[in-house]
Each structure stands twice: as structure tokens, then as C-alpha cells.
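1. I would like to see how this sequence folds:
(4 chains)
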Number of protein chains: 2
Amino acid sequence: MMPFKEMARLNKLIHEPARLAIMSALNACTMAEFLFLQELTGLTKGNLSSHLSKLEKAGYILINKQFVRKKIPHTTIRITNEGKAALHNYWEQLDRIREVTKKWQKD
Amino acid sequence: MMPFKEMARLNKLIHEPARLAIMSALNACTMAEFLFLQELTGLTKGNLSSHLSKLEKAGYILINKQFVRKKIPHTTIRITNEGKAALHNYWEQLDRIREVTKKWQKD
DNA sequence: TTTTATGGTTTATAATGCAAACTAGTTAAA
DNA sequence: TTTAACTAGTTTGCATTATAAACCATAAAA
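-> Numbers count the residues shown, from 1 in each chain, chains lettered A, B, ... in the order given. As a prediction, the model looks like this:
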């Protein structure tokens, strides 16, 4: 496929900056707490929460809600193998497209 | 800045897939006709038109509307120096963030 | 002279990102 | 002891956005 066409159709679930940041952080951490993830990404809680929901729905992350002393919520998040693969593929695809784009010349 | 924070705040004007494709194509072509650009990116005319408007408004491209024999519209588009610089900076920033991210470890 | 094609733009809609407001519980202060 | 403020998130509403459908003006074809 023409590289520009492929570029215009990138996986937006991962491509979106906030989610790309979340996925990259989780890929480095393996596991992170909600508040720590908020600190790492600089997102608001509401924003982080809704992005996490989308990533969970896609099967890219696992969200574990625990209650400290059965009272205080404490949420931990980890990336799934599927999520790791999706992130890896995203970067590979982007790199490949860029390579092709560099060599591309109008005929 | 924390790499994930920076990632979450990427320049969305360029980051958006359709516009990233347009900018990359124009960067390779120097100049392109509207329909050629549509073919390269696979976007619909309406979609391409509105993305071009945004890029023009940002000063990243120049749109030249001519009329063949004063009748048929014929639009050519070229990237500006500012646009080239913005695209270049975008890739450089992304590469740098990725580098830092690779090395990053939770303390 | 009605139909089809060209080269786009405008309009309408559906989706999305975002933060403000909210919830449910806890601890601290008055 | 009731009020206030904090914690750890979720839900709601708004504003922006991407997208394609509908549209417009002209030309060529049937």
C-alpha cells in the first residue's frame, strides 16, 4: 500500500497521545497504580479513567480494583501481552512507513 | 519533562494521521494537486479539503486555487518552510521521547 | 437537453477528548 | 459529634473534531 494511505489509517486507539503515553508507561512499568500513572502522564483523573476504560475494553490492559482494609479503593493497572504486541506493532508499522516515505518519489 | 507527559502532549495538528499523511506526502512532493493528494492519502474529498484548511490556517501549507481557462478549478498545494520545520520537529521529538522511554525505569 | 463527470466546498453527524462535577468512604478539625 | 477536608477514582456534559454525504458550478457526452 502507498505509505501515505497507511499513515492516514494508523491504529487510532494506540496512536492517540494520551493512550500512547499510558501504554508506553505501562510497557516500562509492567504494573502501575492509578495515581502513579496519573503522575507519569500528567493527565487529569477523569481523562485517565476514560482512556483506561477504552484500553481495557480493547484487551490491551488489565485493571485490578482492590480495597485497602476493605475500604479505600486502590487500583492497579498492567499491560497485557496483547497490549504489548499492539504497541510493538504500532511502532514497527510507523517506522516502516517512515522508511518507505523517505525513499518515496513522485513518478 | 517526564517522557510520558511529553508524549501525552504531542502537537496534535501534525500528529493526526490524515494530516501526518498529507504533510509527509507534501514533504516528499514539494507540490501536489488536490486530486493527486487525494489518491496518495486515500482520503475523501471533503475530508481532505477540511484537513488542508487546518494546515493552511496553521501556516504549514500554501493552497493555490487556479482556474483552467478561467473555468475549471485546479488546486495545487505546497508545504511551507514552517511546515517542513514543524514536521521535522515532530519526528525529532517523537524519536527523542521514544529513546528516553526505552531507558526509563521506575524508581 | 437531459445526463454524467470534474473539482472541489459546505453541512450534518457521530465520535472523541477533556475537565468539572459527583460519589463514597476516611480522617482531621472545631 | 458534626463539620470540613481529603482520597481515589467515576460519571456527566461540553466543546472540538474527523468524516462522509450532500451540494455547487461548470463542462462534456449522449
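2. what number of residues lie near the residue nearest to residue A:97 when sequence neighbours are not counted?
-> Nearest non-adjacent residue to residue A:97, counting by Cβ to Cβ, 6 or more residues apart in numbering or on different chains: residue A:3, 4.8 Å away. Yep, even glycine has a C-beta here, placed from its N, CA and C like the rest. The number of residues packed near residue A:3 is 21, by other Cβ atoms under 10 Å in any protein chain shown.
3. just checking, residue A:3 touches residue A:101?
-> Yes: using Cβ atoms under 8 Å, residue A:3 is in contact with residue A:101, at 4.7 Å.
4. what residues do those two have in common as contacts?
-> residue B:24 (Cβ atoms under 8 Å, 6 or more residues apart in numbering or on different chains).
5. center of chain A - which residue?
-> With the centre of chain A defined as its mean C-alpha position, the nearest residue by Cα atoms, centre = their mean is residue A:23, 3.0 Å away.
6. pLDDT weak spots in chain A?
-> For chain A, the stretches flagged by pLDDT under 70 are A:1, A:68-71, A:105-107.
7. could you give the angle of the helix or strand in which residue A:87 is found to helix B:81-103?
-> Using DSSP states H and E, the element containing residue A:87 is helix A:81-103. Going by axes from the mean of the first three to the mean of the last three Cα atoms, to 10 degrees, helix A:81-103 is angled at 140 degrees with respect to helix B:81-103.
8. Show me what helix A:81-103 packs onto, helices and strands only.
-> Using 3 or more Cβ pairs under 8 Å, 6 or more residues apart in numbering or on different chains; DSSP states H and E, the elements in contact with helix A:81-103 are helix A:3-8, helix A:12-15, helix A:17-29.
9. so can I have a markdown table of the ones you listed showing distance to DNA strand C?
-> Shown next, in a markdown table, are the helices and strands packed on helix A:81-103 (distance: least, Cβ to the nearest atom of the strand, whole Å):
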| stretch | distance to DNA strand C |
| --- | --- |
| helix A:3-8 | 15 |
| helix A:12-15 | 7 |
| helix A:17-29 | 4 |
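10. just so I know, which of those helices lies nearest residue B:66?
-> Closest approach to residue B:66 among those is made by helix A:3-8 (23.7 Å; Cβ to Cβ).
11. For chain A, which residues are neighbours of DNA strand C?
-> Within chain A, the positions near DNA strand C by Cβ under 7 Å from any atom of the strand are A:12, A:16-19, A:43-47, A:50-51, A:54, A:69, A:71-72.
12. switch the cut-off to 6 Å
-> Contact residues (Cβ under 6 Å from any atom of the strand) of chain A with DNA strand C: A:16, A:18, A:44, A:45, A:46, A:47, A:50, A:71, A:72.
13. Give me the subset of those lying in helices.
-> If you go by DSSP state H, the residues of chain A next to DNA strand C have A:18, A:45, A:46, A:47, A:50 in helices.
14. Nearest to residue B:8 among those?
-> residue A:18 (4.8 Å).
15. How many residues are close by the closest one?
-> Counted with other Cβ under 10 Å, residue A:18 comes out at 20.
16. how near is it to residue B:95?
-> From residue A:18 across to residue B:95, the span is 20 Å (Cβ to Cβ, to the nearest Å).
17. cool, residue A:50 as well?
-> In terms of Cβ to Cβ, residue A:50 sits 29 Å off from residue B:95.
18. Residue A:65 contacts residue A:75, doesn't it?
-> Yes: using Cβ under 8 Å, residue A:65 is in contact with residue A:75, at 5.1 Å.
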